[in-house]
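*Asks:* Pasting a predicted model and its sequence here:
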Amino acid sequence: MINLERSKRAADQDKSNQTSLTGGITIFWGIAFSILLTAVIYFTEPLLPEIEFLPDQGASWYYWQLPAPTFWSRFTAWSGYTLHQLAVWWLIYKGQKQKLGYSNGLKPINIAALAVNGLFVILHLVQTQIWFDGLAQDVSIWSSQWSVIIMLVFVLHMENNRRGLFFGKRVKWNFLQESGRIVRKYHGYIFAWGIIYTFWYHPMVATAGHLLGFFYTFLLLLQGSLMFTRAHINKWWTVTLEVFVLIHGTIVALLQGQELWPMFFFGFLGIFIITQMYGLGLRPWMRWAFIAAYISSVAIVYAQRGWVYINEIIRIPLIEYLVVFIFAFLIWGTTGLVGKLGRVFRRRNLTASV
C-alpha cells in the first residue's frame, strides 16, 4: 500500500514537472518572439516620417501625435484597434463557450490567438510607418494609463482567494467574494480591452520608454493568447507580469528626469511585499528577507531624499487597494440590482400570463 502511494506521488510529481517544463518552453519562446518584435520597432525607426511635434503641454499631454491628423490617420488607428479588439473578444467567447479545460500544450484557439495578435502587431507597425498616429489623438493619456491600472487591480481582486489581499490573508467580505467570482469569469474580456487599447493608443516609435512599454504589452498579449493552458496560470510567470510594471514605471520616470521615480519603485514593490509574494509559496524566511530588503532600501533612499517625501511609497498601494474595494462594491451592487430587476420582471410576466 505504501509503495502504491509512493508511486502515485512520484507520478504526480513527474506530471507536475512535465507541466512546468511544457509551460516554461512556451513562455520562453513567447518572450523571445516579444524581444524580436521590440527589435523590429527599433530597427524600423529610421523609416518613420519626419514629424515636428507640438510643444509638450504638461502631464496630460501626449507628445507623440500628429500636429495635423488626417481622416486616414484616425481611420486606420481606430479601425485597427476595433478589429483587433473584436477578434480577441470573439476568441475568448469561443473558448468559454466550448468550456475548455487547462492543458499543457497549445490548443487550436491558442494558435488562432497568437496569429491574430501577431497579425495586428504587424498591421500597427505598418500603420505607424505610413500614417503614424494612434488613439492618442482622440483620447486622454489618462485613459491609457488607467486601462493598465484597472487590469492590475482586477488581478489583485480575483487572486484574493488564492494568495490573500493583505500579507497572505483573504478578505472574506461577501461583496468582495461575490464580485471576485464575476471578475474571474469575465476577466479575459477586461484584460483584453486594457492591453489592446493601450497597444493602439501609442504609435510604434523607438524611444526607450516606448520600446520597454511595447515589450511589456507583447508579454501581456502573449499571456492572453495562452488562455486555457497551464502556462497561463503559472504563478511565477503571472507575478512577473504584475511586477514588470515596477520596472517600466521606474525606468520611464528616470528617463524623463522625474524625481518621482521612488513613488513608482517603492509603490509597486510595496504591493509585491503586501500581496503578490504570498502567491509564490515562498518560505517564511524568504518573505522576511524581502520585507527587510524593502525597509532597508526605503531607509537608504529617503535618508538622502528627505523623510518629508516618505508618503510617496504609499500612494500607489493606497490607490490600487482602494480601487479594488470600490470596483468590488460597484460590481456586487450592479449585479445585485440587475438580478433583483430580473426577478421583478419575471414575477410581473408570470402574473400577467395567469
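*Replies:* Alright, I've got the coordinates.

*Asks:* In contact with Y321: list those residues for me.
*Replies:* L156, L165 (CB atoms under 8 Å, 6 or more residues apart in numbering). Where you see a C-beta, it was placed from the backbone N, CA and C, and this is true even at glycine.

*Asks:* where do the helices sit along the stretch 1-150 of the chain?
*Replies:* Using DSSP state H, counting those that start in this stretch, the helices of the stretch 1-150 of the chain run over 2-43, 71-97, 108-130, 141-158.

*Asks:* Ok, which of these comes nearest H210?
*Replies:* helix 2-43 (7.6 Å; CB to CB).

*Asks:* what stretches of the stretch 201-350 of the chain score poorly on pLDDT?
*Replies:* 342-350 (pLDDT under 70).

*Asks:* What distance do you get for F71 to D133?
*Replies:* Using CB to CB, to the nearest Å, F71 is found at 11 Å from D133.

*Asks:* Equivalent analysis for L330, please.
*Replies:* Taking CB to CB, one finds L330 at 33 Å from D133.

*Asks:* ok, F71 and D133, which is more surrounded?
*Replies:* The neighbour count for F71 versus D133, taken as other CB atoms under 10 Å, is higher for D133 (23 against 8).

*Asks:* Retrieve the pLDDT associated with the residue lying closest to the more buried one once chain neighbours are set aside.
*Replies:* Here the nearest residue to D133 in space, its sequence neighbours aside, is S73; by CB to CB, 6 or more residues apart in numbering that works out to 4.0 Å. At S73, the pLDDT value in this model is 93.

*Asks:* now swap in T128 and tell me
*Replies:* pLDDT for T128: 95.

*Asks:* now G23
*Replies:* At G23, the pLDDT value in this model is 63.

*Asks:* which residues touch stretch 88-99?
*Replies:* Identification of contacts with stretch 88-99 by CB under 8 Å, 6+ apart yields I109, A112, A113, V116, N117, G188, Y189, A192, I196, G224, M227, F228.

*Asks:* ok, the second one - contacts?
*Replies:* It refers to A112. Residues near A112 by CB under 8 Å, 6+ apart: L91.

*Asks:* do that again at 10 Å, thanks
*Replies:* Residues near A112 by CB atoms under 10 Å, 6 or more residues apart in numbering: A87, V88, W90, L91, K94, G95, S225.

*Asks:* Of these, keep whichever come out buried.
*Replies:* A87, V88, L91, G95, S225 (16 or more other CB atoms under 10 Å).

*Asks:* For the first one, which non-adjacent residue is spatially closest?
*Replies:* Read it as A87. Closest to A87 by CB to CB, 6+ apart is V116, at 4.9 Å.

*Asks:* Roughly how far does the one you found sit from W90?
*Replies:* 9 Å.

*Asks:* same question, G257
*Replies:* G257 is 43 Å from W90, by CB to CB.

*Asks:* picking that back up, residues contacting the residue nearest to D133?
*Replies:* Q65, L66, Q127, I130, W131, F132, D133, G134, Q137, P203.

*Asks:* try 8 Å
*Replies:* By CB under 8 Å, 6+ apart, the neighbours of S73 are L66, W131, F132, D133, Q137.

*Asks:* of those, the lowest pLDDT goes to which?
*Replies:* Out of the contacts of S73, that is D133, at 87.

*Asks:* distance between stretch 208-215 and the chain's centre?
*Replies:* How far stretch 208-215 lies from its chain's middle: 15 Å, per CA atoms, centre = their mean, to the nearest Å.

*Asks:* in that stretch, what's buried?
*Replies:* Result for stretch 208-215 [16+ other CB under 10 Å]: buried residues G209, H210, L211, L212, G213, F214, F215.

*Asks:* relative to helix 71-97, how tilted is the helix or strand containing the fourth one?
*Replies:* Going back to what we said before, that points to L212. In this assignment (DSSP states H and E), L212 forms part of helix 208-225. Calculated by axes from the mean of the first three to the mean of the last three CA atoms, to 10 degrees, helix 208-225 forms an angle of 30 degrees with helix 71-97.

*Asks:* CA-only coordinates of helix 208-225 in CSV, if you can.
*Replies:* Provided in CSV are the C-alpha atoms of helix 208-225 (Å, rounded to 0.1, in the frame of the first residue of the first chain):
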residue,chain,number,x,y,z
ALA,A,208,13.4,53.8,-24.7
GLY,A,209,10.2,54.2,-22.9
HIS,A,210,8.1,53.1,-25.9
LEU,A,211,10.3,50.1,-26.5
LEU,A,212,10.0,49.0,-22.9
GLY,A,213,6.3,49.6,-22.9
PHE,A,214,5.7,47.7,-26.2
PHE,A,215,7.8,44.8,-24.9
TYR,A,216,5.6,44.7,-21.8
THR,A,217,2.5,44.8,-24.0
PHE,A,218,3.7,41.9,-26.1
LEU,A,219,4.2,39.9,-23.0
LEU,A,220,0.6,40.7,-21.9
LEU,A,221,-0.7,39.8,-25.4
LEU,A,222,1.2,36.5,-25.1
GLN,A,223,-0.4,35.8,-21.7
GLY,A,224,-3.9,36.4,-23.2
SER,A,225,-3.1,34.1,-26.1
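
*Asks:* Which strands or helices does it pack on?
*Replies:* helix 2-43, helix 108-130, helix 174-201, helix 235-255 (3 or more CB pairs under 8 Å, 6 or more residues apart in numbering; DSSP states H and E).
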